[in-house]
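Asks: sequence first, predicted model second:
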Amino acid sequence: MTKEDRQGPSPAEEPSRFRQMIEASAEEVYLVKPDGELVYVNDAAAAGLGYTREEMLRIGVLGFDPLFGPRFSSHFEELKAGNQAPFETIHIAKDGRKVFKEMRSVYLNIEGNEYVCGFGRDITERRHVEEALRVTQFAIDHTADLAFWTDAGSRFIYVNDTACRVLGYTREELLGMKVNDIDRDFSEDIWKDHWRELREKKAMVFETVHRARDGRTFPVEMQTNFVEFEGREYNCAFARDITERKQAEDHRIVMERRLLQTQKLESLGVMAGGIAHDFNNLLMAILGNLDLALVSTSSVSPARSNIEQVIQATHSAADLTRQMLAYSGKGRFMIGDIDINELIEENAHLFRASVSRNTSLNFQLASGIHLISADAGQVQQVIMNLVANASEAIGERTGEITVSTSMADCEDEYLTKSRIEEKPQAGRFVCLEVRDTGCGMDRGVLDRIFDPFFSTKFTGRGLGMCAVMGIVRGHKGALVIESAAGEGTTVKVYLPAVDRTSKRITAAGDVTVRRLEEERKTLSRRTVLVVDDEEMVREVCCAMLQELGFDVVAAEDGAQAVEIFRARIGEIDCVLLDLSMPKMDGLAAFQEISGLKPNVNVILVSGYNEQEAIQRFSAQGLAGFIQKPYRFETLRKELDKVLSSL
């Protein structure tokens, strides 16, 4: 494309006298298309940057104004809209110099073709002078720091605008004051010592506190310099407000403490979850065999009572694993709408039994309490643990424990006080409060109360408050603790409130021999594939299924389960699939089996809670879930639900 082609319709095609006027003008002239292409410059514009006109056209706008080039499109639209305000920019000369330009631009439409016509003027020298003055003025009067000059007697002889603004005084007022008027730490004697030290060291950096006219105080970092000028001594000082830095340091310390606490809780949670998972497998084998023994034992047999006692003890052991899982954040929650007042009233005798005789337990239950969406057993465990801790805090002395309920509208600011890292959203909560008149706790004890087995009485008491924390965290609540040594303790548990009708959930009863026989009659022969890497669990599950009248096939890991299912794909009606297994885990096995038969009935079995266990199976079509350790009746009901449509 020739130079003439690039220029298109331009002043070169206008009457010759108009062209001569532009060419001879001392003012720089530029003509640019809307797409940023430079189509004309006069000699003044080219000479000012050390280029020829041809070189200017070749390098284009970006070649000498790289910062303005990307903004040209928006500039063009502003001009077209009638905005012709002048602006300043920087051009780069051929030798690399920066040339400051004052530009004015106008929009032109010549025979239907649009242009920007720019007129420039070199203001480099003016800008250098202005810049020097501006930097000097800024460095002294408009710096972000407070600037002071004082004499040997601590009198202010100069202050900058920032000092006046921040301290709230006029310049005249400050010039009639001394350092001690804004910094109480510098009495006359201390100032003399400071002045001697400054003369020796010449420069000092330290922190102090300044007081503004309105009484507000704020921390500052002082940089002081000893200066001699025309035979007189001065202190040239700069003070920097470090309020934000101090707050950031405090915040960093808090966040580091929280991070350490979170890491500690996470590591302990992983350990607790792992132990609980393995323990659940042992309990599954014990409980399953006890259920089988109970089914085959006559109701008048003396052994039945012994079996039932062992079952009860096994349930207590299972409660311990649930506490461990609650601490690890993987506890199972049977969520329902609960009236916390009813729960407290129904279990008041249990709470009273957990306190010493010299301690009175009082209940203050507010009327009109909303329901909460929670696990009744877990909430009961929270109250039991808090009451037991309160009783231990009172010890052998006479004391009082008060359990109260109320409604609370909590804002985000208050919820930051929660001892749980995950803060709930602001809203309406049901507040459960347990207050005691015990020994209270100092900061050191408060920082450790969520450690497993921590106690101020003796070592190894139990999970205690860490289980409470895990349960409240699992219910998306908040936990606020107020305590001081010798002043008792108040623990407040906030659980999100709902306003729905309560749906009471009743526990299933034990399976009887007669009821089992009735179930057998209603079941046709079905085949269930049991997949579990724990031999004891696998065997007891198979025995329970056989007792229910099912044909049973067993696999010790996911890979073997896939092979068995492939070989007997038309026979197997349901798969009981463990989640955690070697070689091939439950998820991988499920995907393989589903690929062989998409509509297969798979019931996931795990020691973790349902949400934790099946979150990796989302939208993949599980038929059901059973948590270990489970009862005979639980297994029967889940299978009946899954297979009832077959």
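Replies: Nice, I can see it.

Asks: need the strands for the stretch 51-200 of the chain, in chain order.
Replies: Applying DSSP state E, counting those that start in this stretch to the stretch 51-200 of the chain gives strands spanning 87-92, 98-110, 113-122, 146-150, 156-159.

Asks: what do you get for the stretch 451-600 of the chain?
Replies: Ranges of strands within the stretch 451-600 of the chain are 478-483, 489-498, 527-531, 551-555, 574-578, based on DSSP E, counting those that start in this stretch.

Asks: okay, these, which one's buried deepest?
Replies: Among these, the stretch with the highest mean neighbour count (mean count of other CB atoms under 10 Å) is strand 574-578, at a mean of 26. In short, each C-beta sits where N, CA and C put it, glycine included.

Asks: ok, that one: who's next to it in the sheet?
Replies: strand 527-531 (parallel), strand 601-606 (parallel) (DSSP bridges).

Asks: what angle do it and strand 551-555 make?
Replies: Counting by axes from the mean of the first three to the mean of the last three CA atoms, to 10 degrees, strand 574-578 points 30 degrees away from the direction of strand 551-555.

Asks: report the mean per-residue pLDDT for strand 574-578.
Replies: Across strand 574-578, pLDDT averages out at 92.

Asks: for Arg419, which non-adjacent residue is spatially closest?
Replies: Counting by CB to CB, 6 or more residues apart in numbering, Arg419 lies nearest to Leu479, which is 4.8 Å off, once chain neighbours are set aside.

Asks: just give me the neighbour total for Asn66.
Replies: For the record, residue 66 is Pro, not Asn. 12 (other CB atoms under 10 Å).

Asks: dihedrals phi and psi, it?
Replies: Backbone torsions for Pro66, taken as degrees, to the nearest 10, come to phi -70, psi -20.

Asks: circling back: and of the strands of the stretch 51-200 of the chain, who's closest to Ala485?
Replies: strand 146-150 (42.1 Å; CB to CB).

Asks: give me the contact list for that closest one.
Replies: With contact meaning CB atoms under 8 Å, 6 or more residues apart in numbering, strand 146-150 is reached by 140-141, 156-160, 162-163, 166-167, 179, 210, 220, 234-241.

Asks: so which of these are in helices?
Replies: Using DSSP state H, Ile140, Asp141, Thr162, Ala163, Val166, Leu167 are the members of these that sit in helices.

Asks: possible to save the strands of the stretch 451-600 of the chain as JSON lines with distance to Arg196?
Replies: Putting the strands of the stretch 451-600 of the chain into JSON lines (distance: least, CB to CB, whole Å) gives the following:
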{"stretch": "strand 478-483", "distance to Arg196": "49"}
{"stretch": "strand 489-498", "distance to Arg196": "53"}
{"stretch": "strand 527-531", "distance to Arg196": "85"}
{"stretch": "strand 551-555", "distance to Arg196": "88"}
{"stretch": "strand 574-578", "distance to Arg196": "80"}
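
Asks: that older thread, just name the most buried of the strands of the stretch 51-200 of the chain.
Replies: Comparing those by mean neighbour count (mean count of other CB under 10 Å), strand 146-150 comes out on top with a mean of 20.

Asks: walk me through which strands it pairs with, and which way each runs.
Replies: strand 156-159 (antiparallel), strand 232-241 (antiparallel).

Asks: show me what counts as buried in stretch 217-235.
Replies: Under the neighbour-count criterion of 16 or more other CB atoms under 10 Å, stretch 217-235 has Pro219, Val220, Glu221, Met222, Thr224, Phe226, Tyr234, Asn235 buried.

Asks: which one of those is nearest Leu622?
Replies: Pro219 (58.9 Å).

Asks: mind listing what the closest one touches?
Replies: Contacts of Pro219 by CB under 8 Å, 6+ apart are Glu207, Thr208, Val209, Asp241, Ile242, Thr243, Lys246.

Asks: re the thing from before, which stretch in the strands paired with strand 574-578 has the least confidence?
Replies: Across these, the lowest-scoring stretch is strand 601-606, with a mean of 89.

Asks: now that one, how far from the chain's geometric center?
Replies: Centre-to-centre, strand 601-606 and its host chain are 33 Å apart (CA atoms, centre = their mean, to the nearest Å).

Asks: now do that strand: everything it contacts.
Replies: Residues contacting strand 601-606 (CB under 8 Å, 6+ apart): 532, 573-580, 586, 590, 593-594, 612-614, 617, 621-628, 630, 638-639, 642-643, 646.

Asks: same thing but at 7 Å, please
Replies: With CB atoms under 7 Å, 6 or more residues apart in numbering as the test, strand 601-606 has contacts from 573-579, 586, 590, 593, 613-614, 617, 622-628, 638, 642-643.

Asks: swap in stretch 472-487?
Replies: Contacts of stretch 472-487 (CB under 7 Å, 6+ apart): 326, 329, 331, 333, 374, 382, 415, 417-420, 422-424, 439-442, 446, 469, 489-496.

Asks: state the mean pLDDT of it.
Replies: Averaging pLDDT along stretch 472-487 gives 88.

Asks: any chance of the strands paired with strand 146-150 in a markdown table, plus distance to Val430?
Replies: Formatted as a markdown table, the strands paired with strand 146-150 follow (distance: least, CB to CB, whole Å):
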| stretch | distance to Val430 |
| --- | --- |
| strand 156-159 | 57 |
| strand 232-241 | 44 |
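
Asks: output the lowest mean pLDDT helix or strand found in the protein.
Replies: None of the helices or strands of the chain scores lower by mean pLDDT, DSSP states H and E than helix 513-522, at a mean of 47.

Asks: what residues sit buried inside the strand or helix carrying Asp640?
Replies: Element membership for Asp640 (DSSP states H and E) is helix 632-643. Residues Phe632, Glu633, Leu635, Arg636, Glu638, Leu639, Val642, Leu643 are the ones in helix 632-643 that count as buried (16+ other CB under 10 Å).

Asks: Pro629: what secondary structure?
Replies: The three-state assignment at Pro629 reads coil, by DSSP: H, G, I helix; E, B strand; the rest coil.

Asks: wait, doesn't it sit right on Asp291?
Replies: No: using CB atoms under 7 Å, Pro629 is not in contact with Asp291, being 10.0 Å away.

Asks: so which residue is dead centre in the chain?
Replies: Glu422 (6.7 Å; CA atoms, centre = their mean).

Asks: how about the contacts made by that residue?
Replies: Arg473.

Asks: quick one: it from Arg216, how far?
Replies: Separation of Glu422 from Arg216 (CB to CB, to the nearest Å): 36 Å.
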